[in-house]
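Colleague: What shape does this take:
(one chain, ligands or ions: 1)
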Amino acid sequence: NAMLQWQRTGFHFQPERNWMNDPNGTVHFCILIWVILLMMQNSFFDAKCKCRSRVLQGVVPPLLPIQPGRRHLGQQDRLGARRLPRPAPVAPPPGCHVPRPVLPDGRIVMLYTGSTNASVQVQCMAFPTDPSDPLLINWTKYENNPVMYPPPGVGEKDFRDPTTAWFDGSDDTWRLVIGSKDDRHAGMVMTYKTKDFIDYELVPGLLHRVPGTGMWECIDLYPVGGKRGIDMTEAVATASKNGGGDVLHVMKESSDDDRHDYYALGRYDAAKNTWTPLDTDADVGIGLRYDWGKFYASKTFYDPSKKRRVLWGWVGETDSERADVAKGWASLQSIPRTVVLDTKKGSNLLQWPVEEVETLRTNSTNLGGVTVDHGSVFPLSLHRATQLDIEASFRLDPLDVAAAKEADVGYNCSTSGGMTGRGTLGPFGLLVLADARRHGGDMERTGIYFYVARGLDGGLRTHFCHDETRSSHANDIVKRVVGNIVPVLDGEEFSVRLLVDHSIVESFAMGGRLTATSRVYPTEAIYANAGVYLFNNATSARVNVTRLVVHEMDSSYNQAYMASL
Ligand code: DQQ
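Modeller: Numbering: from 1, shown residues only. Below you'll find the model as predicted:
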């Protein structure tokens, strides 16, 4: 029906039908053109489970998520074959004349987790059947699979998700890490090395371990430094020469206990096979998170063509299985995000939508310069409001801030009343996928907002939250208020970039210091009835909207965009 149909996104990656989960094996390589291969698990049968998964392959040249199924989806029967549509031949872009060797002999190998008949998790390999195929459609399993079994002391079902391998010149081996947990519920990471991708050796000791964090899925380990991304092999080579300098290494795990992606910044010592957090209080699994909403099993890859590190995450559904079956599909991939170190703060990452997203902007409306009084709502006059890229900055009147004495010390996004819980300095922000026909009552709306509290020490503390509780009249949906404290430095305004795409809202607050992703399923605020409002629900503060640019977004399978590939 029209409502379910409307939930399909315009510029997020999703399969035509069935279930999808983790992004896997994302690589960016150059054969004739720069190609990004994004593979993910996908169920054969329906939208509700991942039983009998297959690998689904999407090719994304350049990085925008082309809607698979419409043009760029190839389906494979267990690494078997079916053709992807082939892009028309194009001149190789600059920097793309040398095929990027992945193995010393130029081959690409895929490592994946298999399961034996006795359900033991093992690591296996597959090679492109035709290495000269730029899209690597067909894969052949290695005849001597598996190549790694759970080592002694590791549970048979706790040994999965190998990382991308990197080369370590100190002993000419390729290394990769695998996540697990021990019998005391500590999440942990093991390192393997191989010279030939035939024999694998477990490196003695653990790379890292954090008690109480449970099974670590989908480990990622990568260097971050200045504005540019860094390849892991390059970072290891540089470190062996000069000790690594300012380069830090991010370790990320997907926590099977609470289904969130956690990361920490630390130092990787290849020779000692250790990774040490900068701050033990912000260790992996207990400190920073990539995203405060629905976002899991994410992975980064290094894009050598633009020298950047790019992150994708699996964004599941929060509606019911019944609704997914009726829709015929389940899950999205997040917008690909560049990841850099927040050099101003030094203690966290910044995530930001890849620049290619901006090529989809069409009508841009500048609506900044208004003041929203406390307790008021302000409708934006837009043409279409279901696919948007919004840039907004807010300032609180300094007099109001000065007047706010100790306020809302214990504020918490999830438990303090969301967008309707009023305080002195918040909440204020935007209502998206909100019923454009009338404001008030129980209209459908998703609240995206800041909430400023004054701590006991007199300092201000800013929270950034997504309120999903009024997002839909449907009652088979998980609706929460998600978010957390976000650092705001002296002189900074409250800023957010917001991507709205039918049933997903992705926010990047304070330049990407905090991100939140929500799945929302309006039943009435859809098609022409979807609107956007500014709101300020503070009891006394006025909010100055210093910048507000709303871009309507094309769909990524748009003809004009395809022609530019
Ligand atoms: N999904 C995969 C696992 C991984 C988990 C199985 C994360 O390998 O640990 O579908 O979503």
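Colleague: Can you say which helix or strand has Y263 in it?
Modeller: Using DSSP states H and E, Y263 sits in strand 260-269.
Colleague: on contacts alone, who are the packing partners of that strand?
Modeller: If you count contacts as 3 or more CB pairs under 8 Å, 6 or more residues apart in numbering; DSSP states H and E, strand 260-269 packs onto strand 216-224, strand 248-255, strand 274-277, strand 288-289, strand 296-303. Using the backbone N, CA and C atoms, a C-beta is placed for each residue, glycine as well.
Colleague: distance between stretch 384-393 and the chain's centre?
Modeller: 19 Å (CA atoms, centre = their mean, to the nearest Å).
Colleague: right, I mislabeled it, should have said stretch 140-157
Modeller: Here stretch 140-157 is found 28 Å from its chain centre; the criterion is CA atoms, centre = their mean.
Colleague: Spell out whether that stretch and the ligand are in contact.
Modeller: No: using CB under 6 Å from any ligand atom, stretch 140-157 stays clear of the ligand, coming no nearer than 10.3 Å.
Colleague: List the buried residues in that stretch.
Modeller: Neighbour counts using 16 or more other CB atoms under 10 Å place 141-142, 146-148, 150, 154 of stretch 140-157 among the buried residues.
Colleague: Among these, which pair sits farthest apart?
Modeller: Spatial extent of these (CB to CB) is set by the pair K141 and V154 at 23.4 Å.
Colleague: List phi and psi for G418.
Modeller: Backbone torsions of G418, given as degrees, to the nearest 10, read phi 60, psi -140.
Colleague: make that G511, sorry
Modeller: With angles defined as degrees, to the nearest 10, G511 sits at phi 70, psi 10.
Colleague: cool, V401 as well?
Modeller: When quoted as degrees, to the nearest 10, the phi and psi of V401 stand at phi -70, psi -40.
Colleague: check contacts around it.
Modeller: For V401, the contact set (CB atoms under 8 Å, 6 or more residues apart in numbering) comprises 425, 452, 460, 541.
Colleague: that older thread, let's have the helices and strands packed on strand 260-269 in a markdown table, adding distance to M3 and mean pLDDT.
Modeller: Putting the helices and strands packed on strand 260-269 into a markdown table (distance: least, CB to CB, whole Å; pLDDT from 0 to 100) gives the following:
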| stretch | distance to M3 | mean pLDDT |
| --- | --- | --- |
| strand 216-224 | 33 | 97 |
| strand 248-255 | 32 | 98 |
| strand 274-277 | 46 | 98 |
| strand 288-289 | 32 | 98 |
| strand 296-303 | 26 | 92 |
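Colleague: For L380, which of the ones you listed is the nearest?
Modeller: Among the helices and strands packed on strand 260-269, strand 288-289 sits nearest to L380 (CB to CB), with 30.4 Å.
Colleague: Just name whatever secondary elements the closest one is in contact with.
Modeller: Packing partners of strand 288-289 (3+ CB pairs under 8 Å, 6+ apart): strand 260-269.
Colleague: Now that we have the contacts of V401, which of them are buried?
Modeller: 425, 452, 541.
Colleague: what subset of the residues you listed is also close to the ligand?
Modeller: Near the ligand, by the rule CB under 6 Å from any ligand atom, you find none of the buried ones among the contacts of V401.
Colleague: Mind checking which of the residues you listed land in strands?
Modeller: Members of the buried ones among the contacts of V401 lying in strands (criterion: DSSP state E): 425, 452.
Colleague: So which of the buried ones among the contacts of V401 is the closest to the ligand?
Modeller: Nearest to the ligand among the buried ones among the contacts of V401, counting by CB to the nearest ligand atom, is V452 at 35.4 Å.
Colleague: For the ligand, what's its nearest residue on the stretch 401-550 of the chain.
Modeller: Residue of the stretch 401-550 of the chain nearest the ligand, by CB to the nearest ligand atom: T517 (15.3 Å).
Colleague: nearest spatial neighbour of that residue, skipping sequence neighbours?
Modeller: Distances taken as CB to CB, 6 or more residues apart in numbering put G293 closest to T517, at 3.9 Å, once the chain neighbours are dropped.
Colleague: Can you say which helix or strand has the one you found in it?
Modeller: When elements are defined using DSSP H and E, G293 is found to belong to no helix and no strand.
Colleague: got the residues of the stretch 201-350 of the chain near the ligand?
Modeller: Residues of the stretch 201-350 of the chain lying close to the ligand by CB under 6 Å from any ligand atom are 217-218, 254, 296-297.
Colleague: For the residues you listed, pick the one with the most neighbours.
Modeller: Using other CB atoms under 10 Å as the neighbour test, those are led by S254, with 28 neighbours.
Colleague: got a list of what that residue touches?
Modeller: Taking CB under 8 Å, 6+ apart as the test, what S254 contacts is 216-218, 260-262, 296-298.
Colleague: For it, give the beta-bridge partners.
Modeller: Beta-bridge pairing for S254 (DSSP bridges): E217, D261.
Colleague: ok so S240 is a helix residue?
Modeller: Yes: S240: assigned to a helix according to DSSP: H, G, I helix; E, B strand; the rest coil.
Colleague: Spatially, and excluding backbone neighbours, which residue is closest to it.
Modeller: Leaving out its chain neighbours, the residue that sits closest to S240 by CB to CB, 6+ apart is S170, at 5.7 Å.
Colleague: Likewise for D257?
Modeller: Distances taken as CB to CB, 6+ apart place G214 nearest to D257, at 3.8 Å, with adjacent residues excluded.
Colleague: Also I198?
Modeller: Closest to I198 by CB to CB, 6+ apart is V147, at 7.2 Å.
Colleague: List the residues that contact the one you found.
Modeller: So V147 contacts 122-125, 197-200 (CB under 8 Å, 6+ apart).
Colleague: Quickly note the distance from the residue in the stretch 151-300 of the chain that the ligand sits nearest to to M190.
Modeller: With CB to the nearest ligand atom as the measure, E217 is the residue of the stretch 151-300 of the chain nearest to the ligand, at 3.3 Å. According to CB to CB, to the nearest Å, E217 stands 14 Å off from M190.
Colleague: returning to that earlier point: ok, the contacts of V401 vs G483, which is closest?
Modeller: Distances from G483 to the contacts of V401, taken by CB to CB, are shortest for V452, at 13.1 Å.
Colleague: Cross-check the contact I'm expecting between the closest one and L460.
Modeller: Yes: here V452 lies in contact with L460, judged by CB atoms under 8 Å, at a distance of 5.6 Å.
Colleague: which residues do the two both contact?
Modeller: Applying CB under 8 Å, 6+ apart, one finds that V452 and L460 are jointly contacted by 401, 425.
Colleague: Quick check: which ranges of the stretch 451-565 of the chain have low pLDDT?
Modeller: Residues of the stretch 451-565 of the chain that meet the criterion pLDDT under 70 lie in 557-565.
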